[in-house]
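Trainee: take a look and give me a structure for this.
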Amino acid sequence: MIRAYASKISDSDNAHFLQSLVLFKQMLFNGISPDCLTFPFVIKECARRLNSRVGCSIHGKAIKFGWFCDLYVQNSLVSFYSECGLLNSARKLFDEMLNRDVVSWNSMIIGYLRGGNLDMALELFRSMEKRNIISWNSMITGFVQGGRGKEALQLFHEMNLSIDNVKPDKITMASVLSACAYLGTIDHGKWIHGYLSRSGVECDVVIGTTLVDMYGKCGSVERAYEVFKEMPKRDTFAWTAMISAFALHGYSKEAFDTFEEMEAVGVRPNHITFLGLLSACAHSGLVQKGRWCFDMMRRVYSIEPQLHHYACMVDVLSRAGLFEEVEELVRSMPMEPDVFVWGALLGGCQIHGNIELGERVALYLIDLEPRNHAFYINLCDIYAKAGRFDGVKRIRALMKERGIRKEVAGCSMIEVDGVVLEFSVEGWPVLVMDKIVLVLNLFNNEIKGEGTMHYCDGILLDAQN
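Mentor: Numbers count the residues shown, from 1 in each chain. This is a model prediction of the structure:
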């Protein structure tokens with residue numbers, strides 16, 4: 001009965017959680033001693049509910065009844081402390097375990113990944129003697145979500161060559177494709193797509209949607225659309241991925257055509273769908289369409305706009321220079337505008353040279369996030385375009401006084417022969433950079449009418465050289 005209540009996840013009012021605890025207490029009251037099977041179910045339920053107070057109490061009961069050294073109980077406790085964010089307690093327990101299995105290691109690694117400590121997770125992962133599919137998937141997914149997509153791809157290739165004899169599954173492939181989308185590595189993405197066909201991994205709606213997203217973010221909208229059309233089943237997320245891919249590259253007509261098709265087949269859009277449509281309107285300057293979307297999501301689909309929807313709508317109106325309408329929209333917001341809403345307005349002010357409003361918004365943002373260098377730079381740009389160089393000097397002096405500078409160097413990434421290369425002020429690959437400079441010079445000469453460039457078998461040539 002405890003297992004039945006603890007395993008039920010559809011209830012949202014904690015009734016079953018309370019019932020499982022009541023049964024556990026009745027069990028103790030009736031003089032029945034819990035065993036190594038009882039504790040893991042109760043502890044698992046505490047972890048799922050993130051109830052650290054009760055979980056710690058159950059930990060004490062496990063010690064009292066002599067089950068603390070049981071592997072299953074210890075694994076449950078490590079997982080519980082990790083999921084509750086109590087990583088120091090989880091690691092202390094993990095280090096004290098006399099015996100550990102792959103579940104013990106996975107629980108600790110997942111805890112570090114969830115806590116954002118990717119390096120510690122990797123250190124533990126490297127220390128494992130035997131790793132299973134959960135170990136590999138956790139690491140790959142954690143590094144993708146942690147913004148370290150390049151290392152996630154390296155882990156995937158390492159997985160295929162490892163002695164663990166672990167084969168990638170759908171979770172692996174979805175995570176690796178997300179890494180390709182994050183990095184913009186189209187060649188890697190194509191290889192993964194081909195690997196899917198060769199390995200026999202089922203290309204279900206989740207994998208299909210991830211492929212659409214990957215191709216879209218890597219700039220191959222045509223291939224994204226091909227994959228989308230080949231999908232035998234398409235849910236809201238698949239339609240939204242295709243709409244977002246069109247929107248990202250300025251294909252507003254195609255985005256709205258896809259939305260109309262989505263409605264025609266009876267698939268209900270979600271809040272992300274409308275975010276994609278509003279983004280398409282912002283990129284293409286479709287003010288009336290933007291107003292229509294913003295109204296439709298509430299009136300037809302009862303989707304209340306969130307902060308990101310307001311930020312997108314402010315972007316649409318600001319790019320069109322409709323600042324009075326923007327101020328009216330911001331005043332009508334049921335929540336406090338965040339930096340993205342104000343940032344969108346600031347961007348419009350920069351485009352249209354609205355000095356008075358831009359200055360007011362930028363100074364407000366500086367007060368809101370005084371350590372964010374971007375707002376100081378934006379204000380300097382506004383002053384410079386208006387010829388107010390005294391203002392530029394004053395803001396730069398303020399930045400120096402406050403020690404404000406760009407903490408992380410800007411970075412661009414390109415893919416050359418399947419290898420991801422990074423370029424920043426901190427350094428770049430010299431050989432590849434020489435080739436890039438050569439191509440840029442050729443383009444520059446062509447623009448000036450001095451070059452004779454042509455393509456031969458996909459290779460850019462200059463007849464003069």
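Trainee: contacts and neighbour counts: CA atoms only from here.
Mentor: Noted.
Trainee: can you pull out the helices in the stretch 301-450 of the chain?
Mentor: With helices called from DSSP state H, counting those that start in this stretch, the stretch 301-450 of the chain shows them at 307-319, 323-331, 339-352, 355-368, 373-385, 389-402, 430-447.
Trainee: would you single out the least confident of those helices?
Mentor: Sorting those by mean pLDDT places helix 430-447 lowest, at a mean of 76.
Trainee: residue 351 touches residue 319, doesn't it?
Mentor: Yes. Assessed by C-alpha atoms under 8 Å, residue 351 is found in contact with residue 319 at 7.0 Å.
Trainee: more neighbours: which of the two?
Mentor: For residue 351 against residue 319, the residue with the higher neighbour count under other C-alpha atoms under 10 Å is residue 319, and the figures read 25 against 14.
Trainee: which residues does that one contact?
Mentor: For residue 319, the set of contacting residues under the criterion of C-alpha atoms under 8 Å, 6 or more residues apart in numbering consists of 282, 285, 347, 348, 351, 352.
Trainee: got a PyMOL select line for the buried ones in those residues?
Mentor: This is the PyMOL syntax for the buried subset of those, where burial follows 16 or more other C-alpha atoms under 10 Å:
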select buried, resi 282+285+347+348
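Trainee: make JSON lines out of the contacts of residue 319 and add distance to residue 131.
Mentor: Supplementary listing: the contacts of residue 319 in JSON lines, determined by distance: C-alpha to C-alpha, whole Å:
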{"residue": "282", "distance to residue 131": "47"}
{"residue": "285", "distance to residue 131": "51"}
{"residue": "347", "distance to residue 131": "49"}
{"residue": "348", "distance to residue 131": "52"}
{"residue": "351", "distance to residue 131": "53"}
{"residue": "352", "distance to residue 131": "57"}
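Trainee: from the contacts of residue 319, which is closest to residue 376?
Mentor: The shortest separation between residue 376 and any of the contacts of residue 319 is 13.0 Å, and it belongs to residue 347 (by C-alpha to C-alpha).
Trainee: turn the helices of the stretch 301-450 of the chain into a markdown table, including distance to residue 72.
Mentor: Output for the helices of the stretch 301-450 of the chain, formatted as a markdown table (distance: least, C-alpha to C-alpha, whole Å):
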| stretch | distance to residue 72 |
| --- | --- |
| helix 307-319 | 44 |
| helix 323-331 | 54 |
| helix 339-352 | 46 |
| helix 355-368 | 49 |
| helix 373-385 | 50 |
| helix 389-402 | 53 |
| helix 430-447 | 53 |
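Trainee: winner for burial among the ones you listed?
Mentor: Among those, ranked by average contacts under mean count of other C-alpha atoms under 10 Å, first place goes to helix 307-319 (a mean of 25).
Trainee: not counting sequence-adjacent ones, nearest residue to residue 280?
Mentor: Take residue 280 and drop its neighbours on the chain: the residue closest to it by C-alpha to C-alpha, 6 or more residues apart in numbering is residue 247, 4.2 Å away.
Trainee: could you do residue 272 as well?
Mentor: The shortest distance from residue 272 to any non-neighbouring residue, by C-alpha to C-alpha, 6+ apart, is to residue 240 (6.9 Å).
Trainee: moving C-terminal of the strand or helix carrying the one you found, what's the next helix or strand?
Mentor: Under DSSP states H and E, the secondary-structure element containing residue 240 is helix 236-248. Using DSSP H and E, the next helix or strand after helix 236-248 towards the C-terminus is helix 252-264.
Trainee: contacts for that next one, please.
Mentor: Among residues not part of helix 252-264, those counted as contacts by C-alpha under 8 Å, 6+ apart are 239, 242, 243, 244, 246, 247, 268, 269, 277, 280, 281, 284.
Trainee: list the buried residues of it.
Mentor: Buried positions in helix 252-264, judged by neighbour count with 16+ other C-alpha under 10 Å: 252, 254, 255, 256, 258, 259, 262.
Trainee: now stretch 128-139
Mentor: Judged by neighbour count using 16+ other C-alpha under 10 Å, the buried positions of stretch 128-139 are 131, 133, 134, 135, 136, 137, 138, 139.
Trainee: with stretch 99-110 instead?
Mentor: Under 16+ other C-alpha under 10 Å, the buried positions of stretch 99-110 are 103, 104, 105, 106, 107, 108, 109, 110.
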